[in-house]
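Student: this is a predicted model, with the sequence first.
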Number of protein chains: 2
Amino acid sequence: MNAYAPPLDDIITLKYGAGGSAMRRLIEGVFLPGFQNFLPSGNGNGNRDDKGSAVGLVAMDDGAALPLGDGRYLVITTDSHVIHPIFFPGGDIGRLAVAGTVNDLAMMGATEVLALTSAVIVEEGFRRTDLERVQASLRATCEEAEAMVVTGDTKVMGRGELDGLVLNTTGVAITHRVVPDNTLQPGDLLLVTGTVGDHGLAVLAVRNDLGLEGDLRSDVAPLNGLVRAALAVGEGHGTVVAMKDPTRGGLAAALHEMAGKSGVGIVVDETAVPVSEPVRAAAELLGIDPLHVANEGKAVLAVRPSAGHGGNGGEEAEAVLAALKAHPLGRNAAVIGRAVAERPGDVILDTGFGRRLLAEPEGEPLPRIC
Amino acid sequence: MNAYAPPLDDIITLKYGAGGSAMRRLIEGVFLPGFQNFLPSGNGNGNRDDKGSAVGLVAMDDGAALPLGDGRYLVITTDSHVIHPIFFPGGDIGRLAVAGTVNDLAMMGATEVLALTSAVIVEEGFRRTDLERVQASLRATCEEAEAMVVTGDTKVMGRGELDGLVLNTTGVAITHRVVPDNTLQPGDLLLVTGTVGDHGLAVLAVRNDLGLEGDLRSDVAPLNGLVRAALAVGEGHGTVVAMKDPTRGGLAAALHEMAGKSGVGIVVDETAVPVSEPVRAAAELLGIDPLHVANEGKAVLAVRPSAGHGGNGGEEAEAVLAALKAHPLGRNAAVIGRAVAERPGDVILDTGFGRRLLAEPEGEPLPRIC
């Protein structure tokens, strides 16, 4: 995180919803104050110890974790989905809503979804057949994630008061072990579960009519099955110590958040980051770094070498990597970097020719990407 | 419920979000299909027995209730808030969001809020000071309800893509006893916790610049404390057997829903329904029935005479009434009617001069009331 934090503007602009440093400042400045003392953990500051106590609002993790009083935690996460257009190559807003919420639960270590809520806001004049198509996709994605919608809400806004359709999905799950995003230590290895940049560039291409639609497809998918496989490696030993899904702001924002919250530096081997050929080509054409672009079916995992191992952690990472690669959604998984003690909060890109700082994005380059 | 259900329109219009029969048909036609078999109760149809098993989507209750496997139930409810204007006499969208969600939990019998989520969607160009004002009100209402926001989401839509500000609030709570809305039996007495029509008419007046604003104030308030007091009467004996908050579509919609789902008729003593003088005057001026107008700080409770009592249930109702009246939010509580075996699904208004059917509203007369 940057030491210099510019003041909030008087007027909300798109960057404040773009998943980067501007959004973080808005949350810290407007949404957090007054809720620090309302945390269930009892320690009053939203932090946790490594044993996995409650995770509250101040932690700004993918969701919250509340103790149920019997060793279990209730994990809860919420997301509004405002993507435009609602149908895009590889998915639609219904699939995105379910996958986005299921993935946030999974990133907290909760891979069995207890329930989803579905709140729909529609613009007057919206076509019922489009609503049915979205709903069918939402339902199919629920089946894929073994999740169910248990309650919902329906609102209609007048013509011109809302651009089409907005969904909010909240998810709850129960887990015995909470996996946070702020517990990296020097030596931890970082893995990504597949190619990056697919979602954002697919949406960008279709929205701007780039003629690239045939090659680019969003990766939107529920990852709880994949994450379950990774967590099963060395179960109970905490091999996977932190997770984050690189959505708005892409891999760069996710790594910055993990580095900043954990107080470590992260060195990324740029050549090891999987990027598909169509994404590389489109990104070059548009002058956008795929590392800054949103993903909706990828996760970043931190793997810790076992205590006393003393080596480079390669053994544990190889085992998790193998588990990921054995899953259809993890075929292109790769080890991409390592946490270091130097330069806490910074992400350093090793390009193969030298090293440079990977800037924390102020926000996703594209509004309404999710 | 009406036997005749007209087909869904091809185009979504405002009535489909208005809380009445049109919205019910949209939910039944588009949102429910495919989720019937996804219920946690195991009975596959979303119904429950009187002992309080799981409540799923099909029940279309105020929320869902999921068994935690240890005799406790996790209650979950979600609401999007699209009210216009966001500041109105007696409240604002922040207070409404918390109260609306806390009240839905309370209506399921869950009066201790475990956690709330807060998902904010803002239009580009929105003033930060307005956002801070909404957030301050949301926070104050949380304190009133002894609730806390534990996780959130922030999205910004472009100028003209959203009319100002939309909030989604999801709430979770844990309860040992679920109070449904579909278990009325003939002989049950119906109580309302105070005057009806206040919220809807306050918003209507300010929106249409009727010059009545001084007299009309929304009743928006979190009711969990009030409901807790009512449930404590004859605790464990199930004195209060069903609850519903008369929001969109007002008292008429709430009573219709309870009657229809329970398969009983409801006779309402019109003269017993509390209506404030300013509301009565404004409603008359506008030609609107206050019984059709949304409330945001009221509840309808059904009280069952004790088994073998054989009387008219007056004793139990008086005890609950006294508990309600002792609470600041229940001072104007009243017994307003009774469930009967005749005319299942119908609500009959006894005007004092005769009886007539109270029609099920197709929807709230006013869009964006909540």
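Tutor: Received, thanks.

Student: just checking, what's the longest helix in chain A?
Tutor: Longest helix in chain A, counting residues (DSSP state H): helix A:128-145.

Student: helices of the stretch 101-250 of chain A, start to end?
Tutor: Using DSSP state H, counting those that start in this stretch, the helices of the stretch 101-250 of chain A run over A:128-145, A:198-207, A:224-231, A:250-262.

Student: show me which residues of the longest helix of chain A are buried.
Tutor: Neighbour-count burial for helix A:128-145, counted by 16 or more other Cβ atoms under 10 Å in any protein chain shown, picks out A:128, A:130-131, A:134-135, A:137-139, A:141-142, A:144-145. Quick note: C-beta positions are derived from backbone N, CA and C, even for glycine.

Student: which one of the helices of the stretch 101-250 of chain A lies nearest to chain B?
Tutor: Of all the helices of the stretch 101-250 of chain A, the one in closest proximity to chain B, counting by Cβ to the nearest Cβ, is helix A:128-145 (4.4 Å).

Student: tilt between the closest one and helix A:224-231?
Tutor: 20 degrees (axes from the mean of the first three to the mean of the last three Cα atoms, to 10 degrees).

Student: just the mean pLDDT for helix A:128-145, thanks.
Tutor: Mean pLDDT, helix A:128-145: 97.

Student: can you list contacts of it?
Tutor: Identification of contacts with helix A:128-145 by Cβ atoms under 8 Å, 6 or more residues apart in numbering or on different chains yields A:86-87, A:91-95, A:97-99, A:102, A:113, A:116, A:118, A:120, A:122, A:148-149, A:165, A:167, A:221-222, A:224-225, B:8-12, B:30-31, B:34-35, B:38.

Student: for the residue most central in space within chain A, what are phi and psi?
Tutor: By Cα atoms, centre = their mean, the mean C-alpha position of chain A lies nearest to residue A:245, the distance being 2.5 Å. The phi/psi pair for residue A:245 (degrees, to the nearest 10) reads phi -100, psi 130.

Student: chain A: strands as residue ranges?
Tutor: Listed in chain order, the strands of chain A (DSSP state E) span A:64-67, A:73-81, A:87-88, A:91-92, A:113-123, A:149-157, A:165-175, A:189-192, A:240-244, A:265-269, A:300-303, A:334-340, A:347-350, A:355-357.

Student: remind me which residues of chain A are low pLDDT?
Tutor: A:1-4, A:36-53, A:213-214, A:235-238, A:307-313 (pLDDT under 70).

Student: how does it divide into domains?
Tutor: A:34-175, A:189-357 (automatic domain parsing).

Student: most tightly packed of those?
Tutor: Counting by mean count of other Cβ atoms under 10 Å in any protein chain shown, domain A:34-175 has the highest mean neighbour count of these, with a mean of 22.

Student: is stretch A:354-370 positioned near chain B?
Tutor: Yes. Residues of stretch A:354-370 contacting chain B under Cβ under 8 Å from any Cβ of the partner chain: A:367-368.

Student: separation between residue A:234 and chain B?
Tutor: From residue A:234 across to chain B, the span is 27 Å (Cβ to the nearest Cβ, to the nearest Å).

Student: got the contact list for that residue?
Tutor: Per Cβ under 8 Å, 6+ apart, neighbours of residue A:234: A:306, A:316, A:319.

Student: wait, the last one touches residue A:239, no?
Tutor: Yes. When contacts are counted by Cβ atoms under 8 Å, residue A:319 is listed as touching residue A:239 (7.3 Å).

Student: which residues do these two both contact?
Tutor: With Cβ under 8 Å, 6+ apart as the test, residue A:319 and residue A:239 both reach residue A:233.

Student: who in the stretch 151-300 of chain A is up against chain B?
Tutor: By Cβ under 8 Å from any Cβ, the part of the stretch 151-300 of chain A that sits against chain B consists of A:151-158, A:160-163, A:166, A:168, A:170, A:172, A:174.

Student: how about the nearest residue to the residue of the stretch 101-250 of chain A found nearest chain B, chain neighbours excluded?
Tutor: Here the stretch 101-250 of chain A gets closest to chain B at one residue, residue A:156, 2.9 Å apart by Cβ to the nearest Cβ. Closest residue in space to residue A:156, ignoring its immediate chain neighbours: residue B:17 at 2.9 Å, by Cβ to Cβ, 6 or more residues apart in numbering or on different chains.

Student: same check on residue A:162?
Tutor: residue A:123 (4.4 Å).

Student: report the beta-bridge partners for that neighbour.
Tutor: residue A:157 (DSSP bridges).

Student: now it: how far from residue B:86?
Tutor: Distance, residue A:123 to residue B:86, by Cβ to Cβ, to the nearest Å: 18 Å.

Student: between the helices of the stretch 101-250 of chain A, which one is nearest to residue A:329?
Tutor: helix A:224-231 (4.6 Å; Cβ to Cβ).

Student: re the thing from before, list the contacts of the residue nearest to residue A:162.
Tutor: A:156-165, B:12.

Student: save the strands of chain A as a markdown table, and put in distance to residue B:61 too.
Tutor: Output for the strands of chain A, formatted as a markdown table (distance: least, Cβ to Cβ, whole Å):
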| stretch | distance to residue B:61 |
| --- | --- |
| strand A:64-67 | 23 |
| strand A:73-81 | 20 |
| strand A:87-88 | 32 |
| strand A:91-92 | 29 |
| strand A:113-123 | 13 |
| strand A:149-157 | 8 |
| strand A:165-175 | 17 |
| strand A:189-192 | 42 |
| strand A:240-244 | 34 |
| strand A:265-269 | 47 |
| strand A:300-303 | 39 |
| strand A:334-340 | 47 |
| strand A:347-350 | 47 |
| strand A:355-357 | 53 |
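
Student: to residue B:21, which of the ones you listed lies closest?
Tutor: strand A:149-157 (13.1 Å).

Student: keeping just the C-alphas, turn the closest one into PDB.
Tutor: Extracted in PDB, the C-alpha atoms of strand A:149-157 (Å, rounded to 0.1, in the frame of the first residue of the first chain):
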ATOM      1  CA  VAL A 149     -30.700 -20.100  -3.600                       C
ATOM      2  CA  VAL A 150     -32.800 -20.100  -0.500                       C
ATOM      3  CA  THR A 151     -34.300 -16.600  -0.400                       C
ATOM      4  CA  GLY A 152     -34.500 -13.600  -2.700                       C
ATOM      5  CA  ASP A 153     -35.800 -10.100  -3.400                       C
ATOM      6  CA  THR A 154     -37.300  -8.400  -6.400                       C
ATOM      7  CA  LYS A 155     -37.400  -4.700  -7.200                       C
ATOM      8  CA  VAL A 156     -38.300  -2.900 -10.400                       C
ATOM      9  CA  MET A 157     -37.000   0.600 -11.100                       C
END
